[in-house]
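>>> just coords:
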């Protein structure tokens with residue numbers, strides 16, 4: 001299980017505990033929100049999403065999205081292919097200098113990590 005999945009499950013369990021405690025009268029809304037580490041308004045939003053979609057409504061959908069800054073696969077393949085054909089054996093620093101001269105726009109750290 002990935003760390004994000006584990007945290008997601010823990011968050012669901014905590015919400016169920018806080019929600020049940022609030023429904024049974026053991027906790028006030030403020031205490032339940034504090035238990036989750038959110039404000040009262042956010043807790044009310046969680047309750048609304050829970051009523052509309054169940055526990056699936058509480059999942060943070062941002063974690064499943066692909067970053068808009070992620071490099072396309074063909075760009076990575078072209079970079080590694082250029083290194084293998086023309087610059088094999090060069091250090092990442094020297095290869096990066098040629099990469100920038102050829103019009104490459106990525107950072108040194110990105111290039112170095114892709115070559116490793």
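That came through fine. The model shown is predicted, which means the values in this text are computed figures rather than measured ones. Numbering: from 1, shown residues only.
>>> name the next helix or strand downstream of the longest helix along the chain, please.
Taking DSSP state H as the criterion, the chain has its longest helix at helix 3-24. Counting by DSSP states H and E, the next helix or strand C-terminal to helix 3-24 is helix 29-36.
>>> now find how far off-centre that next one is within its chain.
25 Å (CA atoms, centre = their mean, to the nearest Å).
>>> flag the shaky bits of the protein, pLDDT-wise.
When residues are selected by pLDDT under 70, those of the chain lie in 63.
>>> about what we covered before: tell me what angle the longest helix of the chain forms with helix 29-36.
160 degrees (axes from the mean of the first three to the mean of the last three CA atoms, to 10 degrees).
>>> got the contact list for helix 3-24?
Helix 3-24 has contacts (CB atoms under 8 Å, 6 or more residues apart in numbering) with 27-29, 31-33, 35-36, 43, 46-47, 50, 55, 58-60, 63. Where C-beta positions appear, they are placed from N, C-alpha and C, glycine not excepted.
>>> and those, which of them are buried?
27, 32-33, 35-36, 43, 46-47, 50, 58 (16 or more other CB atoms under 10 Å).
>>> got the contact list for residue 39?
So residue 39 contacts residue 33 (CB under 8 Å, 6+ apart).
>>> phi, psi for it please.
phi -80, psi 170 (degrees, to the nearest 10).
>>> cool, residue 83 as well?
Given degrees, to the nearest 10, the pair of backbone angles that residue 83 has is phi -60, psi -50.
>>> show me what contacts it?
For residue 83, the contacting residues are 90, 95, 115, by CB under 8 Å, 6+ apart.
>>> what is the neighbour count of the last one?
Other residues lying near residue 115 total 17 when counted by other CB atoms under 10 Å.
>>> okay then, goodbye and thanks.
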